[in-house]
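S.K.: Structure for this input, please:
(chains A and B)
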Amino acid sequence: MKRRFITFSRIISTGAVNFIRNAWLAMAAIAVMVVTLTIVLFSLIANATFNNTIQQITSKIDISVWLKDSVTDSQRDKLMNDIKQLPNVMSVSYSSKAEVLQKYIQDNSGNASLLAAVSQTDNPLPATIRIKPRDLNKLNDIKTYLSKPEVAALQSDQPSYSGDRKEAIDKITHATNILQRAGIIAVLVFAIISVLIIFNTIQMAIFNRRDELTIMRLLGASTWYIRGPFVVESIIYGIFSALVSIGLIHSMFIAAHSTLQASSLGLLDINYSGQYFRTHFWLLLLLQLGVGILIGAASSVVATRRYLKFKTKK
Amino acid sequence: MVWMILLDRVTKKYGRVATPALDRISLHVEPKEFVIVVGQSGAGKSTLLKLLTREERQTSGKIIVGGIDYDKLKDRDIPLLRRKIGVVFQDFKLLPNRTVFENVAFALEVVGMGNREINHTVPKVLDIVNLKGKEKRMPMELSGGERQRVAIARAIVRQPKILIADEPTGNLDPKHAWDVIAVLEKINRYGTTVLLTTHNQEIVNKLKRRVVTIEHGQIVSDRARASYNVI
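M.R.: Numbers count the residues shown, from 1 in each chain, chains lettered A, B, ... in the order given. Prediction:
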């Protein structure tokens, strides 16, 4: 038991000492890990930002149902209740004729002739039910419900999900689906590339010291006594890289905030990215640490294996 | 008779090379014996030593060292075997990133010895090989002879049952060479079986120990208290 403890603490301290003694090699390995981890982190944040933008676009899409003036309050309540029961409906709201008119006047406050036309006649605008769907891909069941004869009879016009508007909604839905998938693929691709690069870097670092491994082997050191310090060293690489990478992204957001007055670059909403980074800071840090440590440890285990094998060939 | 080293018709072939490096050699070494193995380079001396440390596996034949049959040795027990054998390698094989002290201490760390005991043992052994005061040097900063002595210190610090020394005087001037031989004789007196390979005729003749001569992978002579003449 005591021997085990001595051996364990020796493995840890040897790893730490090796890290310091091989400072240059460590710097090179850490630099590579920082770059790759940063790219992964960046693509992760970009993906989240992107999803946010998509969500903002889709949340603006709703379906308007225009009611005939003859519809009674109880008919309206029943209709709204029925719509609420549909699985794909997130929320339903109602605006009376007066409210719709007021909104219309507000929206067109610059256009005097339009306002004059509205005020001279009776309120021509219909009372409106707005439906926010959960999933834009599944609007058909809402549409089927709205086009039932007894429901259609209550409406002064076709619901807004029809004609040109329908085409536009479908196009947005299609585009956002592709973009979301592209984002996930990009994150995955960057992650895989990073793993390979980090793996290769650690393998090179261990290749440089293969003589050391074989000497230890000849002196009767056990597999884990030799491998342990390398694993510890790689874990230290991982920790340093994760911290530097997080720090780098953090200072990048600070710099972007103070120098770039624009709040977005094309589809990338920088304000949201910064906010996402701040609110998910600990999670992202943990993720970076986890990835760095795991890849570091796994790479060194695999990379040391070939130098620790005993000859089995006769 | 319990042999310390027993080789029975051992053959070693490397890959597809037609002539074997060792060809059916048999050798018995008693405990506490001092054996000198001589032979020209390429005769098979190094192969013999590599088989004993289980760096290589014999193609056929039987090897039993200190009661351990190498055919029955599991991979995970090879480190345990190596801890019982001290080896002075021809090319020293010192750990380049560690000081003299740490190189010698490593052999003890491997077996899980505590720091206090290590700090007590290593200076003693460094004193035996005349390296007092150089504990903190790195191998790069030492002369060939000094590195040789670090290698010897590391090999004897665990007080092994068997010490294998591969040309330990090869890089030394006569005075230092005799210092090294004196160390080997000393630990042999304490009870360690010593297997020494050398080219040095003078040393062989003065030691008057058992001499095993290997030529073309075969033992051509094995004589007690022998001398050695380069033909």
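
S.K.: what helix or strand does B:A43 sit in?
M.R.: Counting by DSSP states H and E, B:A43 is held by no secondary-structure element, helix or strand.

S.K.: With A:Y104 instead?
M.R.: Taking DSSP H and E as the definition, A:Y104 sits inside helix A:97-107.

S.K.: who's in contact with the residue minimising distance to the centre of chain B?
M.R.: Computing the C-alpha centroid of chain B and ranking residues by C-alpha atoms, centre = their mean puts B:I164 first, at 1.5 Å. For B:I164, the residues meeting the contact criterion (C-beta atoms under 8 Å, 6 or more residues apart in numbering or on different chains) are B:L49, B:L52, B:T53, B:I85, B:G86, B:V87, B:V88, B:A155, B:L195. From N, CA and C alone the C-beta is placed, and that goes for glycine too.

S.K.: one more time with 7 Å
M.R.: B:L49, B:L52, B:T53, B:I85, B:V87, B:L195 (C-beta atoms under 7 Å, 6 or more residues apart in numbering or on different chains).

S.K.: same deal with B:K124?
M.R.: Contacts for B:K124 (C-beta under 7 Å, 6+ apart) come out as none.

S.K.: now the one 5 residues further on
M.R.: Counting by C-beta under 7 Å, 6+ apart, B:V129 makes contact with B:R149, B:I152, B:A153, B:V183.

S.K.: Sitting in helices, which of the residues you listed do you find?
M.R.: Members of the contacts of B:V129 lying in helices (criterion: DSSP state H): B:R149, B:I152, B:A153, B:V183.

S.K.: any idea which of those is closest to chain A?
M.R.: The shortest distance between chain A and any of these, using C-beta to the nearest C-beta, involves B:A153 and amounts to 12.8 Å.

S.K.: right, and that closest one touches B:L126 too?
M.R.: Yes: under the criterion of C-beta atoms under 7 Å, B:A153 makes contact with B:L126 at 5.6 Å.

S.K.: Of those two, which one has the most company?
M.R.: The residue with the greater number of neighbours, taking B:A153 and B:L126 and applying other C-beta atoms under 10 Å in any protein chain shown, is B:A153; the counts read 25 against 21.

S.K.: quick one, what contacts that one?
M.R.: Each residue near B:A153 by C-beta under 7 Å, 6+ apart is listed here: B:V104, B:V125, B:L126, B:V129, B:L131.

S.K.: Could you tell me whether B:V37 really is in a strand?
M.R.: Yes: assignment of B:V37 by DSSP: H, G, I helix; E, B strand; the rest coil places it within a strand.

S.K.: Measure how buried it is and give me the count.
M.R.: Neighbours of B:V37 (other C-beta under 10 Å): 24.

S.K.: And it, how far from B:V211?
M.R.: When C-beta to C-beta, to the nearest Å is applied, the distance between B:V37 and B:V211 equals 8 Å.

S.K.: before we move on, what about A:I20?
M.R.: As it turns out, when the distance is counted by C-beta to C-beta, A:I20 lies 49 Å from B:V211.

S.K.: More neighbours: which of the two?
M.R.: Here A:I20 and B:V211 are compared on neighbour count by other C-beta under 10 Å; more neighbours surround B:V211, at 22 against 10.

S.K.: And what about the more buried one, helix, strand or coil?
M.R.: Using three-state DSSP, the structure places B:V211 in strand.

S.K.: same thing with B:R9?
M.R.: strand.

S.K.: What pLDDT is listed against it?
M.R.: Per-residue confidence for B:R9 comes out at a pLDDT of 95.

S.K.: next one: B:H176
M.R.: At B:H176, the model reports a pLDDT of 80.

S.K.: how deep is it tucked in, by neighbour count?
M.R.: B:H176 sits with 18 neighbouring residues when counted by other C-beta under 10 Å.

S.K.: what helices or strands is the helix or strand harbouring it leaning on?
M.R.: Counting by DSSP H and E, the element that carries B:H176 is helix B:174-189. Identification of packing neighbours for helix B:174-189 by 3 or more C-beta pairs under 7 Å, 6 or more residues apart in numbering or on different chains; DSSP states H and E yields helix B:144-156, strand B:193-197.

S.K.: now the first one against helix B:174-189, angle please.
M.R.: Put plainly, it is helix B:144-156. Angle between the axes of helix B:144-156 and helix B:174-189 is 10 degrees (criterion: axes from the mean of the first three to the mean of the last three C-alpha atoms, to 10 degrees).

S.K.: And for A:D122, the neighbour number?
M.R.: When neighbours are counted by other C-beta under 10 Å, A:D122 registers 7.

S.K.: is it fair to say it lies in a strand?
M.R.: No: using three-state DSSP, the secondary structure at A:D122 is coil, not a strand.

S.K.: Check the gap between it and A:K97 for me.
M.R.: The span separating A:D122 from A:K97 equals 10 Å under the rule C-beta to C-beta.

S.K.: so what sits against both of these two?
M.R.: Between them, A:D122 and A:K97 share no contacting residue, judged by C-beta under 7 Å, 6+ apart.

S.K.: of the contacts of B:I164, list those near chain A.
M.R.: The subset of the contacts of B:I164 lying close to chain A, counting by C-beta under 7 Å from any C-beta of the partner chain, consists of B:T53, B:V87.

S.K.: Keep only those of the contacts of B:I164 that are in strands.
M.R.: Counting by DSSP state E, the part of the contacts of B:I164 found in strands is B:I85, B:V87, B:L195.

S.K.: Model confidence score at the residue lying closest to the first one once chain neighbours are set aside, please.
M.R.: Excluding the flanking residues, the one nearest B:I85 by C-beta to C-beta, 6 or more residues apart in numbering or on different chains is B:I162, at 4.9 Å. Model confidence at B:I162, given as pLDDT, is 94.

S.K.: ok, now how distant is the residue nearest to B:Q58 when sequence neighbours are not counted from A:K60?
M.R.: Taking C-beta to C-beta, 6+ apart, and ignoring the residues beside it in sequence, B:Q58 has B:V10 as its nearest neighbour in space, at 4.9 Å. In this structure, B:V10 and A:K60 are 85 Å apart, going by C-beta to C-beta.

S.K.: who's more crowded, the two?
M.R.: Neighbours were counted for B:V10 and for A:K60 using other C-beta under 10 Å; B:V10 has more, 23 against 9.

S.K.: Please report the distance of the more buried one from B:D222.
M.R.: When C-beta to C-beta is the yardstick, B:V10 and B:D222 sit 15 Å from each other.

S.K.: swap in B:D69?
M.R.: Remark: distance between B:D69 and B:D222 (C-beta to C-beta) = 23 Å.

S.K.: do A:V92 as well
M.R.: Between A:V92 and B:D222 the distance is 103 Å, computed by C-beta to C-beta.

S.K.: try B:T53
M.R.: Counting by C-beta to C-beta - B:T53 and B:D222 are separated by 21 Å.

S.K.: So between the two, which is more surrounded?
M.R.: Counting neighbours by other C-beta under 10 Å for B:T53 and for B:D222 shows that B:T53 has the greater number, 19 against 16.

S.K.: Just read off the phi/psi values of the more buried one.
M.R.: Listed backbone geometry of B:T53 is phi -90, psi 0, with angles given as degrees, to the nearest 10.

S.K.: same check, this time on A:L44
M.R.: Taking degrees, to the nearest 10, you get phi -60, psi -50 for the backbone angles of A:L44.

S.K.: Nearest residue to it in space, ignoring adjacent ones along the chain?
M.R.: Among residues not flanking A:L44 along the chain, A:V187 sits closest, at 5.8 Å (C-beta to C-beta, 6+ apart).

S.K.: Please identify the helix or strand for the one you found.
M.R.: Element membership for A:V187 (DSSP H and E) is helix A:163-207.
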